[in-house]
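K.L.:
quick check, what structure comes out for this input:
(chains A and B)
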There are 2 protein chains.
Amino acid sequence: MSVAPCVIVIDRWKRKRYNSKIIFGKASRMKIMVKHQQSERERQPEKKFVLRKQGDAGRQPAHSAKPPPAPEKKDKEEMQVMHFACELTEWSRAQHREGKKVGFVPTMGYLHAGHLSLVEEAKKNADVVCVSIFVNPTQFGPEEDFEKYPRNEEQDLQLCRSAGVDVVYLPRPDSMYASDASVYVFENKLQNGLCGARRPGHFRGVCTIVAKLFNIVQPDIAVFGQKDFQQATIIRRMIRDLNFPVEIITAPTLREADGLAMSSRNVYLSPEERQAALGLNRALMSLGTIGAGHPEAEPLIEQMRSIITQHGLVEDYVVIVDPDTLKPVSTVQQGHVALIAAFCGKTRLIDNRIL
Amino acid sequence: MSVAPCVIVIDRWKRKRYNSKIIFGKASRMKIMVKHQQSERERQPEKKFVLRKQGDAGRQPAHSAKPPPAPEKKDKEEMQVMHFACELTEWSRAQHREGKKVGFVPTMGYLHAGHLSLVEEAKKNADVVCVSIFVNPTQFGPEEDFEKYPRNEEQDLQLCRSAGVDVVYLPRPDSMYASDASVYVFENKLQNGLCGARRPGHFRGVCTIVAKLFNIVQPDIAVFGQKDFQQATIIRRMIRDLNFPVEIITAPTLREADGLAMSSRNVYLSPEERQAALGLNRALMSLGTIGAGHPEAEPLIEQMRSIITQHGLVEDYVVIVDPDTLKPVSTVQQGHVALIAAFCGKTRLIDNRIL
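P.N.:
Numbering: from 1, shown residues only, chains lettered A, B, ... in the order given. This is a model prediction of the structure:
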């Protein structure tokens, strides 16, 4: 018998809090791992309880139950890996009861330094940090790279451990959406241009998964990367329009030494494409500093286009927009945003710069 | 200067909790009303603080500021009325920190005994109860009765007080939706028939406002009436698909002595229409008890239709459906639901019965 996963918080002794994980058990038993969390320095050995059906007590002594799996090796930060929504919600509620602020970084995994800078930002602004790793199928189009999107769970967990993440939420792929799921969150203004125009349904998928994750993780702050500028703007709008009690922080794009914006998709690039890909950042940097002169947008856009083309990239869009409405501007001022999406071989890359 | 509304919780003394309301102040001052909540029986007089800009201290003694408005008369339940989302969220978080379960009953006001039975259900299942009163414009079609929908704020508050509600959330009409709001929650399977077919956009409006209210009130349980059966089914689906950590309870429909389902819209009925309206419940009751025989649905539906017509009502729909999918069934069994919507004069009434 596989037992429906859930978290039981056993609090028989005041001031002691327990975090328990039900693992799969046989017949009428559930094995419960209880980790004492009284203090990080005073960890007590793990204890095992066996729950039996009423009337079944004593038939099999607790110690004769199958031994639990060896406890996962943990570093000093005691990072926890959780697979079930209810575990996360219970963890987050426990943090809040202790007056702690929960920071959240949603990712699709294959983590790189860019993600870790988001974790760093979350740690600065919250007491505990949760990272979710989930390659969300609903934000990929049928012709897109969902299947081949790079994954490396083991390395991701190691990176999260090193970065001092408290909890990694690693939902099982088939646990996130019911087969008859029929409720979605959609944004219908900001999503109409830029990446939304090229990727129909993409931001509906993004909004829906982020809403789900917000409800599961119950964060106080959430960190998104500036690289996905349209995404961050839409999530900010979603937070406002649906009253999520979450503060969003947008963290600057991390770049390789030569200026290429870090991205999990960079792994797709051949050595030649890797060189060509520099065209995005070079085009953005070519705009220099926007002074008080309010220059026309069009010549600046043409200037970026010509650099893109020189690098052998195929433009998807090159625009300068208002950061709140994402609408193209005709004259440029500080705070406006230049955005580029271009194909580098078969790989679609994006980058942007706040002017 | 009008000060942006927010809640400050002042907790200078341990174990004492304060609930403060910032009211609109002039210039560099905000007046703060502090209500002691140490104990229900030991209410202390209200105190007033004045916040000044730094360097401005002492220029005007606190006691010379305008006197605060007379404290609202409260009964022994100390019901609070809140107008701003952040007040609610802060209140709810404080309840959760104290280990209390928050119950929630969203309403459009003009409360009747049916609503109060939902409050009663919430009180049974939670430690504290919040009722929201908001006539949500986005769930009314352009030809519908948003403007003339009955309202009686004073009476609603009095009924909530008597029912032992802890907090009434009474959002200002213009504070709920930004003028450039662009994010919605929609359900695209269950909403396609029944009331959804007649009222395009209705359930998008319902899902969006309920998602917003859930995010604001952060309830543990929410109570909906069975009378709006399709609505309760869709909200249950939304909770599942967006992972809201909320348990939904559906409470039975309350009826007048003669069987008419209670509804705020009954106030529209003339004495003759009031009699005709009995046709809905009579049609539903005519089905009697569904045994193990799995009768055909069609003759039962025809039977209801003829009673509807005999009462001079104009059918919108008369169906028997599966309670989870809301799809019509061909043979009827226990647990299936008969639903009727019919026009009684200009007033559209609905009713249903779980068989």
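K.L.:
in the stretch 251-355 of chain A, which spans are helices?
P.N.:
Along the stretch 251-355 of chain A, counting by DSSP state H, counting those that start in this stretch, helices occupy A:271-276, A:278-285, A:297-310.
K.L.:
so residue A:287 sits against residue A:303, correct?
P.N.:
Yes. Under the criterion of CB atoms under 8 Å, residue A:287 makes contact with residue A:303 at 7.3 Å. Every C-beta, even on glycine, is put in place using the N, C-alpha and C of the backbone.
K.L.:
out of the two, which sits in the more crowded spot?
P.N.:
residue A:287 (17 against 14; other CB atoms under 10 Å in any protein chain shown).
K.L.:
can you count the residues close to residue A:80?
P.N.:
19.
K.L.:
quick one, phi psi at it?
P.N.:
phi -110, psi 140 (degrees, to the nearest 10).
K.L.:
give me the domain ranges for chain A.
P.N.:
A:1-71, A:80-251, A:269-354 (automatic domain parsing).
K.L.:
can you redo these as TSV with distance to chain B and mean pLDDT?
P.N.:
Compiled in TSV, these are given as follows (distance: least, CB to the nearest CB, whole Å; pLDDT from 0 to 100):
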stretch	distance to chain B	mean pLDDT
domain A:1-71	10	34
domain A:80-251	4	96
domain A:269-354	8	96
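K.L.:
how close does the closest residue to residue A:256 other than its chain neighbours sit to chain B?
P.N.:
Using CB to CB, 6 or more residues apart in numbering or on different chains and skipping residues adjacent in sequence, the residue nearest residue A:256 is residue A:262, 6.5 Å away. Look at residue A:262 and chain B: by CB to the nearest CB, to the nearest Å, they are 29 Å apart.
K.L.:
which ones are touching the residue nearest the centre of chain A?
P.N.:
The residue lying closest to the centre of chain A (CA atoms, centre = their mean) is residue A:106, at 1.5 Å. Residue A:106 makes contact with A:131, A:132, A:134, A:209, A:210, A:213, A:222, A:224, according to CB atoms under 8 Å, 6 or more residues apart in numbering or on different chains.
K.L.:
so which of those residues belong to strands?
P.N.:
A:131, A:132, A:222, A:224 (DSSP state E).
K.L.:
quick check on the residue nearest to the centre of chain A: phi, psi?
P.N.:
Residue torsions, per degrees, to the nearest 10, at residue A:106 are phi -80, psi 130.
K.L.:
which strand residues bridge it?
P.N.:
Legend: beta-bridge partners of residue A:106 under DSSP bridges are residue A:132.
K.L.:
ok, which stretches of the stretch 101-250 of chain A are strands?
P.N.:
Counting by DSSP state E, counting those that start in this stretch, the segments of the stretch 101-250 of chain A that form strands are A:102-107, A:128-133, A:167-169, A:183-187, A:221-225, A:247-251.
K.L.:
circling back to that earlier point, for residue B:99, find the nearest of the domains of chain A.
P.N.:
domain A:80-251 (7.3 Å; CB to CB).
K.L.:
and that closest one, how far from the chain's centre?
P.N.:
Centre-to-centre, domain A:80-251 and its host chain are 3 Å apart (CA atoms, centre = their mean, to the nearest Å).
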